[in-house]
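Novice: coords please:
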Amino acid sequence: MADADQKKRGQKVKEAEIESKDQRWHSRHRVSLVFGSNDIEDLETYVYTKSGIEFKTVKFHQAKSKAIEEILDNCIDEFYRGHVTRIDTTLAKDGKTVTVKDNGIGFALDKIQVVYTEFRTGSKFKDEELDEKGFLHRTLGQNGLGASATCLTSDLFRATVKHYNTKKEQTYTFIDGALQVEKSKVKSFTGESGVTVEIVLSNEVYKDNIINEELLRKRIIDLAFNNPGLTFTFNGEKYLFKKGLFELSERINAKSAQLLGEDHFVFKGTNDKGKNYKSRYDLIVALNIDMRSEERERMISFVNSTPTYDGGFHHDRIKRLYINHIKDRLERMCKKEKLTLVDNDILAGVTFTIGIIMPNPRFESQTKRKLVRDVELEKAIEEFMEKSMKTFAKNNEKYFELVIERARARVRFSELKDAHKLGKKQRRERVEKLLDANERRDRSNCTLFICEGDSAIGGLRSARNKLSQGGIALKGKPMNVSQASIKEVIENQEFLDIMSSIGLVIGQTSDPANMRYSKIVFLSDSDVDGGHINTLLTNFFYTYWPELFERGSIQYAKAPLFEVITNKGTIYCETPGELESLKKKKEVQIKEIQRNKGLGEMSPEAFKYVLSREEYTKITAKNVGEAKKMLEICFGTDTQLRKDLLIDEEKKTESKSKPAKNERRAPKKK
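Specialist: Model (predicted):
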C-alpha cells in the first residue's frame, strides 16, 4: 500500500544544488536583509530649511541611506563612551563620495580589516558590559553587521585609523566590495586621533550611487539635535546645539513649542553571573500644539539618535498615556455635558518630538525603524508621563477647552446630520397645528404668525388674509435652545412643527427660494410672559439662522392692550402710556375702555387691526458678535454672567439717580 502512494521516479533524480555563499555575495545580493528596501519609497517626514522645518513627502532610498548612517552611528557610539567631541561629514561635488571623520580614540590597527569586512565583528556584543560607574553601555550597533555590510557593498571604502593608545595610524583601501585590499604602512602621527572613512557605494548593488544631499544633511542635523554638546559639520556647515530636541521643536514653531519634560531614570539589576549593574534611561518629550489645525498628530522620534520612522513601543506608550491623562482630566466635564472624547479630539494638530537614550535597545530589524518593548523603558515612560502631565495640565487650559469644543463640535455635526435627515422627512409630512396660507404659486408674500396659545389662533383664523397669512400656536413658553442639544431641539415637537411650516432645517442656511413664509411674526400677549416668549423665539431663530435677521424676516407684533371706544371710532392703545396720552386729547371723547389681558380677549376688530399692518417691528442686530454674546449671557448655562449683567444695570440706574457734585437735591416736603 505504501509503495502505491509513492511517486514514480526514474532511476536517477536531479537534486537541489547546495551552495555556500560568502559574506560579500550575501551583502551585495541580499542587501535589503541588512539595510532595508533597496527601492525608492515615499516617506512622510520633514527636511530642514534655512529658517525652520518643512513637512513633506520625500523620495527615500532606505538601503542607501542606512549604509551611510552605519558609519555615522559608529561615531555616535564612541561619543556615548566619552571619546568623541566632533564629527565631520563631507559629500563631494560628484554626489557619490562621502567622508565621515571623528576625533575619537580609534581602535587597534590589526583589527581594521576584520572590522570592515567580517560580519559579527565589533566591540558591542556584551549587552551586560559595564562602564567604570557600573552602568550598562548605551549603544546603537549591537550586531556587528553595519560597517562591514557598507564596505562589502561599496565600490570604494577607505578607512584611516589613528589609534590613540599606540599613536600609530594605518589606511586600508577596500575596492569592489573588498575583492581588492590595499593597505598603507603603519606610521606614527601627531595631532588628533580618530577614524576617517571614505565611501563610494556600489552602483551595481544600489542601482544608483548618488547620495541625496538634502536627506544626508537632515540626518546630520538630527544627530546634532539628539546629542547636545557634540559638534557636527557637513560640507563646512557647523551644527552644535545645547538644548537638544527641544530646539528641534522650537524650529518647527518657536511660539507653539513647549517642553513636556526631560528626565532620566536609573534601574538596578543583577546579570546572569550575579554581578550588579545599573541601567540609565534618558527621556525628553517636546510638543508643538497648533490650535487651529485639524490634521492628525505627527511623531518625530529617536532612540539612541536613530530615527524610528515606523514608531514602535515608545510611540504607542507615550501617546496612549498622553491621551489617557487628558481624558481623566476632562472626565467630569464630559459626564456633565454627555460627551465622549475620541483620540483625534486630543491629538489633532499636535506634534510630538521624542528622544530616548537607553542601554541595549531592541529593534524589529537591522534598519532600526521600529522599537520593540522594553520592561524598564516602560516603567520610565510611565513615571515620566505621570510627572510631566501634571505640569502640562496647569499650563494648557486653553488647549483643554479646545479638546472639549472639538468633542462638542463632533456631537453637533452628528446631530446636524440627524436634523438634516429629519428635516427632509418632515417636509413631506403635513403639520397638523399649522393654519396654512392658501397661496400655492408665490410664497414670498406669505407671513407666518407664531401665536401664544390656541385661543389666539381662533382670533387669527377669522381675521387673517387667508391667501397670504398663516398661523401656528405655541403651548406655553418654548425651549431655551442655548441650554439644549441639537438632538433635544429637533425632538421638540413645537420647534419641529415651526421649522417644517417655514421650510427650515437646522444646519442649513435658509434659502428664500425654498422658504414657505418670507416673514415670521411673533404674536404674543403684551405682558412679561409674552416678552419672554418673544426673546426665547428670537434666541431660537438667531442661534440657527442669523441671516433671517439680516433680511428683516423676523418681526414681532404688539397686540393692543386697550380697545378704546370713542366718538371717533375705536382706537387701539398698545401701552398704558398711549392710553394716558389719548385721555388728554380734548377732541376725543372716550365712551368705553376694554382692557385685553391676552390675545384671547381681543375682539375680531382688534385682530383685523393687528393683521392689517404691512410691516411689524423688525428684530435686527447691528453687531453679530455682540448679539451672540448677549444671547449667551441671557440664555447660556453660566448664571454668573446674568448676575453680573443685572448688577451692572443696577449700578447704572443708581448713578443716574444720584445728583452731580455741584447739584443739590430739593428738600423733602414734610
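
Novice: by contact count, what packs against the helix or strand where residue 470 lies?
Specialist: Assigned by DSSP states H and E, residue 470 belongs to strand 469-474. Other elements packing on strand 469-474 under the criterion 3 or more Cβ pairs under 8 Å, 6 or more residues apart in numbering; DSSP states H and E are strand 447-452, helix 454-463, helix 493-502. Where C-beta positions appear, they are placed from N, C-alpha and C, glycine not excepted.

Novice: Show me the contact partners of that strand.
Specialist: 431, 433-437, 446-454, 456-457, 460-461, 464, 494, 497-498, 501, 517, 523, 533, 611 (Cβ atoms under 8 Å, 6 or more residues apart in numbering).

Novice: Swap in 6 Å and give it another go.
Specialist: 433-437, 447-452, 454, 457, 460, 501 (Cβ atoms under 6 Å, 6 or more residues apart in numbering).

Novice: What is the lengthiest helix in the chain packed up against?
Specialist: Longest helix in the chain, counting residues (DSSP state H): helix 397-427. Counting contacts by 3 or more Cβ pairs under 6 Å, 6 or more residues apart in numbering; DSSP states H and E, helix 397-427 packs against helix 343-347, helix 486-490.

Novice: Next secondary structure after the helix or strand containing residue 606?
Specialist: Under the criterion of DSSP H and E, residue 606 resides in helix 604-611. Sequence-wise, the next helix or strand downstream of helix 604-611 (DSSP H and E) is strand 617-618.

Novice: Packing partners of that following strand?
Specialist: strand 554-558.

Novice: following the strand it packs on, which helix or strand comes up?
Specialist: strand 562-566.

Novice: and the longest helix of the chain, how far from the chain's centre?
Specialist: Here the centre of helix 397-427 is set off from its chain's centre by 17 Å, with Cα atoms, centre = their mean, to the nearest Å.

Novice: what's the answer for stretch 504-513, then?
Specialist: Distance, centroid of stretch 504-513 to centroid of chain: 31 Å (Cα atoms, centre = their mean).

Novice: And stretch 379-393, by the same measure?
Specialist: 20 Å.

Novice: hmm, who's touching that stretch?
Specialist: Under Cβ under 6 Å, 6+ apart, the answer for stretch 379-393 is 260, 261, 263, 265, 281, 283, 317, 318, 321, 325, 329.

Novice: circling back: is it possible to export the helices and strands packed on strand 469-474 to TSV including mean pLDDT and distance to residue 237?
Specialist: Listed next are the helices and strands packed on strand 469-474 as TSV, based on pLDDT from 0 to 100; distance: least, Cβ to Cβ, whole Å:
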stretch	mean pLDDT	distance to residue 237
strand 447-452	92	73
helix 454-463	84	82
helix 493-502	90	65
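
Novice: so of the ones you listed, which one's packed in deepest?
Specialist: strand 447-452 (a mean of 25; mean count of other Cβ atoms under 10 Å).

Novice: Could you name the helices and strands sitting against that strand?
Specialist: Using 3+ Cβ pairs under 6 Å, 6+ apart: strand 447-452 touches strand 469-474, strand 519-524.

Novice: Single out the most deeply packed of those.
Specialist: The stretch of the helices and strands packed on strand 447-452 with the highest mean neighbour count (mean count of other Cβ under 10 Å) is strand 519-524, at a mean of 25.

Novice: Show me how this structure divides into domains.
Specialist: 26-219, 250-409, 434-650 (automatic domain parsing).

Novice: For these, give me CSV that also has distance to residue 422.
Specialist: Shown next, in CSV, are the domains of the chain (distance: least, Cβ to Cβ, whole Å):
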stretch, distance to residue 422
domain 26-219, 41
domain 250-409, 20
domain 434-650, 6
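
Novice: out of those domains, which comes closest to residue 420?
Specialist: Residue 420 sits nearest to domain 434-650 of all these, at 5.8 Å, using Cβ to Cβ.

Novice: Now do the closest one: distance to the chain's middle.
Specialist: Domain 434-650 has its C-alpha centroid displaced from the chain centroid by 43 Å (Cα atoms, centre = their mean).

Novice: any weak-confidence spans in this structure?
Specialist: 1-7, 9-10, 19, 120-132, 139-144, 423-429, 623-633, 635-670 (pLDDT under 70).

Novice: Spatially central, which residue of it would that be?
Specialist: residue 348 (1.3 Å; Cα atoms, centre = their mean).

Novice: how near is that one to residue 398?
Specialist: Residue 348 is 15 Å from residue 398, where distance means Cβ to Cβ, to the nearest Å.

Novice: Output stretch 561-581 as CSV - backbone C-alpha positions only.
Specialist: C-alpha atoms of stretch 561-581 as CSV (Å, rounded to 0.1, in the frame of the first residue of the first chain):
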residue,chain,number,x,y,z
LEU,A,561,-53.6,96.3,25.4
PHE,A,562,-56.6,98.6,25.3
GLU,A,563,-59.5,98.9,22.9
VAL,A,564,-60.9,102.4,23.4
ILE,A,565,-64.4,103.3,22.0
THR,A,566,-64.6,107.0,21.3
ASN,A,567,-66.6,109.5,19.4
LYS,A,568,-64.2,109.0,16.5
GLY,A,569,-64.4,105.2,16.4
THR,A,570,-62.3,102.5,18.1
ILE,A,571,-58.7,103.4,18.9
TYR,A,572,-56.2,100.8,19.9
CYS,A,573,-53.5,101.5,22.5
GLU,A,574,-50.6,99.2,23.0
THR,A,575,-49.4,100.6,26.3
PRO,A,576,-50.8,102.4,29.4
GLY,A,577,-48.8,105.4,28.3
GLU,A,578,-50.6,105.6,25.0
LEU,A,579,-53.9,105.4,26.8
GLU,A,580,-53.0,108.3,29.1
SER,A,581,-52.0,110.4,26.1
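
Novice: List the contacts of it.
Specialist: Outside stretch 561-581, the residues that touch it by Cβ under 6 Å, 6+ apart are 526, 558, 560, 588-595, 606, 609.

Novice: Please identify the helix or strand for the residue nearest to residue 298 when sequence neighbours are not counted.
Specialist: In this structure, residue 298 finds its nearest non-sequential neighbour in residue 351, 4.3 Å apart by Cβ to Cβ, 6 or more residues apart in numbering. For residue 351, the host element (DSSP H and E) is strand 350-357.

Novice: What is that strand packed up against?
Specialist: Contacts defined by 3+ Cβ pairs under 6 Å, 6+ apart place strand 350-357 against helix 245-252, strand 276-289, strand 298-303.

Novice: Cool, thanks, talk later.
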